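Got a sequence here, can you build the structure:
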Amino acid sequence: MAHETDSGHRAKEGMTICLRDLGDGQSLLIFDHVVAGNPAASERVWRHKVFSTHNVYPNDRLDAMELSDQQFQEIGEVVVAHLLAINKRGK
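Below is the predicted model:
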């Protein structure tokens, strides 16, 4: 996989999202606030700043992309709300 450089388009702070199988038929979707180690670098290295939130989903529904429209909407809302807060924007 080719790696793109940052090209200066990314903000200093952002979010990472990871998926962890809990081993009991469920997975944890984890959202973390991250900060660029050196914002001026051409390729950013992101460091964990603070845990944001997490959601638990059944593996079979998640693997088949069969979450409800409301669940997918909530995931998107969490991401956008956190990014707005990180960048001191929004309500």
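
who does the least confident helix or strand in the chain by mean pLDDT pair up with?
Within the chain, no helix or strand scores below strand 46-58, which has a mean of 88 by mean pLDDT, DSSP states H and E. Paired neighbours of strand 46-58 in the sheet (DSSP bridges): strand 26-36 (antiparallel).

hmm, who's touching the strand it pairs with?
With CB atoms under 8 Å, 6 or more residues apart in numbering as the test, strand 26-36 has contacts from 10, 12-22, 44-59, 62, 75, 78-79, 82, 86. Where C-beta positions appear, they are placed from N, C-alpha and C, glycine not excepted.

I only care about the residues you listed that end up buried; give me the ChimeraX line for that.
The buried residues among the contacts of strand 26-36 can be selected in ChimeraX (16 or more other CB atoms under 10 Å) with this line:
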select :13,14,15,44,52,57,62,75,78,82,86
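
Any idea how far stretch 29-42 is from the middle of the chain?
11 Å (CA atoms, centre = their mean, to the nearest Å).
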